[in-house]
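Enquirer: No letters, just coordinates:
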């Protein structure tokens, strides 16, 4: 029997690497004063339909429980987190900084780097939509990858306010923009050009397509002609300056006007972070300012968030030879050479464990050769053993497995001398 | 919208308490050289049917995926872990020590302390069935609760070898024992007595029921008359001695011949750990020696494991006033009094974060009163602020929120002096 198609088991080495990365990311989130929250692995199906539209149903694990309730394994964690926020956290003082880390599920053809069970770490900043606050979110995104040890990554930043204003100038009303935004999201420029020509004529198509070639902030200013586009541009410009003030390596940050994020609920600043080394599956993080209050029939709350693909980040680290966290080394392997010495070996094992050492205690009396064999198998640092003589003299024999030297230590001093 | 019936959302305080307990338990597992493994949240339904029988289907979330595959959210983690072991880990050197921590699912009427999504932490020891190794597993179980801070708990230990031998002597063959084991597991002594009288007569019923009153190891010896029962008794006796040698507080350990563990795959030593303060839902941990090799059509491997109910352990800690881990305190709240000072505040925030401090940076220029209001809201230790004068003189004002004193510190020395 195997794990179900598209899912994975993780062994000791993989889990050590995963927990190691998780811990590094948690430490960064902590220093930015983000608080962890958690929601169930499944939700009412309706939650995801309301957020992402009926099309999502084909891509998720949905099922009925024994009482006929329509449930779905969560495909992402922003909708559940905002459900929780509106139900229980909306009276908390603002700004409120939340993060989550957990598995998500999609029913999708498994392929390299794409699994049916995958992990996301993400944040939601609630109640602050100033450029400085948005810049801090971008700085946090960068720092997560810096602390993870990734060498090569690029943060691309856009603003839907500029994009939408330009589409409107090109004759595509806000209500008609959805299909064009999807072409933009999929980088299908041919389809986009055709649609623009149909709606706004040749000139409109030219303006938009020119806009898509831009990579520097200053190049956007002349295009932001309408008041809406100018407001958006100024927000982007202020965010940019604040991001530099927050010490971001600006050589890793680009303007990318082509980020559309595909979904209707994004409202302003949007961004994606890539590891170019990964090819087609290069995007490690995506996010932006959004408004999901309508889904919950609630008052709007300034919201910005991102989700980081944990599995893909691990692959990116591996590809760039960042050494993963490995299982902790065994500090001591302890063996009794005769049955009468086992209780003393057991007692010493517990003292060493209490002092935080990783200890393996041989369960049966063991010869020195066998003990050293196991010691090398589990990469122990020290082998400690005792027979009748050691027991009488209240000492133990200690072999340092790195240097090969052997010494005798009084049993009473073992924990302090090792 | 709410979390689905029987499931829960966890806010910042709850997650801090949960992660705090998880970390304490992980630290103990580490010192015993257990390695974390992980398996998917769902499995082929067949895995759980093969392990626990068709009856389990009524109690689990089972569903078909879009290709008709019959899947089930895992109700427990031993079957998935052993599936993984036989598929990928069986060539690892023995003894092999594995642990897992994650959510499990049951379709059950939600009631106080029983949820449809609940967390289990558990271990499997593979390849060592000596009494000393079993004692180490029991010692580990006790130490998990000691380190968690629980004051009042009892470990009950039994041996199915003794119970099964006695049932056999009482005229109930191994193949007919299953229904009786279920009565025993449910502590339904009336049903058990009736079944025994039907099968073995009055005397058999008396022997078994007398056996059930015993609480001390020595009282079991005279009852262990058959060779099988004596072998089992000796295993229990040796385990007991080794547990004492491992420093267990033996006032917390009892003999309990009534532990049947309900399921067919348990083979020998069995145990349960209770927090008596919790009443009906008092059991926090259960486990024993088992054999699941038949389910996977594999060679037998000596196996012992336990699962700890993480949610119930948290309740037990709460009831006994063990203070939970709370979200980390904010070390510094940083504010610029004028817009020109914000970049310097941002720069200092990043330096403090790099040194590991938890920092909130006000995104907008802020008055001192408002800054101190937010500082008290988030329980910050220090408020740091700077206006035009501080900016010119390259200093910051620091208010210690615990003592109320205010001082000036050079910006260059902020991280080292705070």
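Expert: Great, that's in hand. The model shown is predicted, which means the values in this text are computed figures rather than measured ones.

Enquirer: For stretch A:380-396, measure first residue to last.
Expert: This stretch, stretch A:380-396, spans 17 Å end to end (Cα to Cα, to the nearest Å).

Enquirer: Same check on stretch A:320-336?
Expert: 45 Å.

Enquirer: Distance from the chain centre to that stretch, please.
Expert: 25 Å (Cα atoms, centre = their mean, to the nearest Å).

Enquirer: before we move on, what about stretch A:26-37?
Expert: For stretch A:26-37, the distance to the chain centre is 13 Å (Cα atoms, centre = their mean).

Enquirer: Show the average pLDDT along that stretch.
Expert: For stretch A:26-37, mean pLDDT rounds to 96.

Enquirer: list the buried ones in that stretch?
Expert: Neighbour counts over stretch A:26-37 (16 or more other Cβ atoms under 10 Å in any protein chain shown) mark A:26, A:28-37 as buried. For glycine as for every other residue, the C-beta is placed from the backbone atoms N, C-alpha and C.

Enquirer: Stretch A:268-287 too?
Expert: A:268-275, A:278, A:281-282, A:284-287.

Enquirer: now, among the buried residues of stretch A:26-37, which is nearest to residue B:316?
Expert: residue A:36 (22.4 Å; Cβ to Cβ).

Enquirer: excluding its backbone neighbours, what's nearest the closest one?
Expert: residue B:15 (4.2 Å; Cβ to Cβ, 6 or more residues apart in numbering or on different chains).

Enquirer: same question, residue A:298
Expert: Excluding the flanking residues, the one nearest residue A:298 by Cβ to Cβ, 6+ apart is residue A:86, at 4.9 Å.

Enquirer: now swap in residue A:368 and tell me
Expert: Spatial nearest neighbour of residue A:368, excluding adjacent residues (Cβ to Cβ, 6+ apart): residue A:385 at 6.3 Å.

Enquirer: which ones are touching that neighbour?
Expert: Shown in contact with residue A:385 (Cβ atoms under 8 Å, 6 or more residues apart in numbering or on different chains): A:334-337, A:345, A:366, A:368, A:371, A:396-397, A:399.

Enquirer: From these, which land in helices?
Expert: Taking DSSP state H as the definition of helices, the contacts of residue A:385 contribute A:345, A:368, A:371.

Enquirer: Looking at those residues, spot the one nearest chain B.
Expert: Nearest to chain B among the ones in helices among the contacts of residue A:385: residue A:345, at 8.6 Å, using Cβ to the nearest Cβ.

Enquirer: So for stretch A:222-231, first residue to last residue, what's the gap.
Expert: Stretch A:222-231 stretches 13 Å from its first residue to its last (Cα to Cα).

Enquirer: which intervals of chain A have sub-threshold pLDDT?
Expert: Residues of chain A meeting the criterion pLDDT under 70: A:262-263.

Enquirer: The closest residue to residue A:306 other than its chain neighbours: what secondary structure?
Expert: Leaving aside its sequence neighbours, residue A:306 sits nearest to residue A:287 (Cβ to Cβ, 6+ apart; 2.6 Å). Using DSSP: H, G, I helix; E, B strand; the rest coil as the criterion, the local structure at residue A:287 reads strand.

Enquirer: Residue A:234 is in contact with residue A:220, correct?
Expert: No. Assessed by Cβ atoms under 8 Å, residue A:220 is found out of contact with residue A:234, at 10.7 Å.

Enquirer: If you count surrounding residues, which of those two has more?
Expert: When neighbours are counted by other Cβ atoms under 10 Å in any protein chain shown, residue A:220 and residue A:234 differ, and residue A:220 comes out ahead with 22 against 15.

Enquirer: Contact partners for the more buried one?
Expert: Shown in contact with residue A:220 (Cβ under 8 Å, 6+ apart): A:162, A:211, A:214, A:233, A:236, A:255, A:257.

Enquirer: Out of those residues, which comes closest to residue B:19?
Expert: Nearest to residue B:19 among the contacts of residue A:220, with distances taken as Cβ to Cβ, is residue A:236, at 36.4 Å.

Enquirer: What number of residues are in the vicinity of the closest one?
Expert: Residue A:236: 24 surrounding residues under other Cβ under 10 Å.

Enquirer: Please report the distance of it from chain B.
Expert: From residue A:236 across to chain B, the span is 16 Å (Cβ to the nearest Cβ, to the nearest Å).
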